[in-house]
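Chemist: I'd like to go over a predicted model; first the sequence, then the structure.
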Amino acid sequence: MLRQTKLKAALFEKKMTQRKLSQGTGIPENYISRFLSGRFILTQEEKQRIADAIGQSTETLFKG
């Protein structure tokens with residue numbers, strides 16, 4: 001659950017919604033929502049696209 005918390009915090013910090021993240025990454029909004037609720041596992045490629053869109057490394061957002 002820590003990974004989801006890090007991503008939620010990063011989205012809040014950037015004032016970015018799940019919809020805006022979806023639009024910026026091409027990842028369906030429901031995938032992002034389900035990941036944040038702990039019901040979905042993102043691929044490494046999806047994690048990289050999210051990290052790039054937020055401006056952080058994948059290690060910062062998804063490790064731990």
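Modeler: On my side now, so go ahead.

Chemist: ok, now how distant is residue 12 from residue 54?
Modeler: Distance of residue 12 to residue 54, computed by Cβ to Cβ, to the nearest Å: 11 Å. Just so you know, the C-beta spots here come from the backbone N, C-alpha and C atoms, and that holds for glycine as well.

Chemist: which of these two has more neighbours?
Modeler: Set residue 12 next to residue 54 and count neighbours by other Cβ atoms under 10 Å: residue 54 wins out with 19 against 9.

Chemist: which residues touch that one?
Modeler: Residue 54 sits next to 7, 10, 11, 14, 16, 21, 61 when contact means Cβ atoms under 8 Å, 6 or more residues apart in numbering.

Chemist: format these as JSON lines; extra columns: secondary structure, neighbour count and pLDDT.
Modeler: Converted to JSON lines, those look like this (DSSP: H, G, I helix; E, B strand; the rest coil; neighbours: other Cβ atoms under 10 Å; pLDDT from 0 to 100):
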{"residue": "7", "secondary structure": "helix", "neighbour count": "23", "pLDDT": "95"}
{"residue": "10", "secondary structure": "helix", "neighbour count": "19", "pLDDT": "96"}
{"residue": "11", "secondary structure": "helix", "neighbour count": "18", "pLDDT": "97"}
{"residue": "14", "secondary structure": "coil", "neighbour count": "14", "pLDDT": "96"}
{"residue": "16", "secondary structure": "coil", "neighbour count": "14", "pLDDT": "97"}
{"residue": "21", "secondary structure": "helix", "neighbour count": "20", "pLDDT": "98"}
{"residue": "61", "secondary structure": "helix", "neighbour count": "19", "pLDDT": "92"}
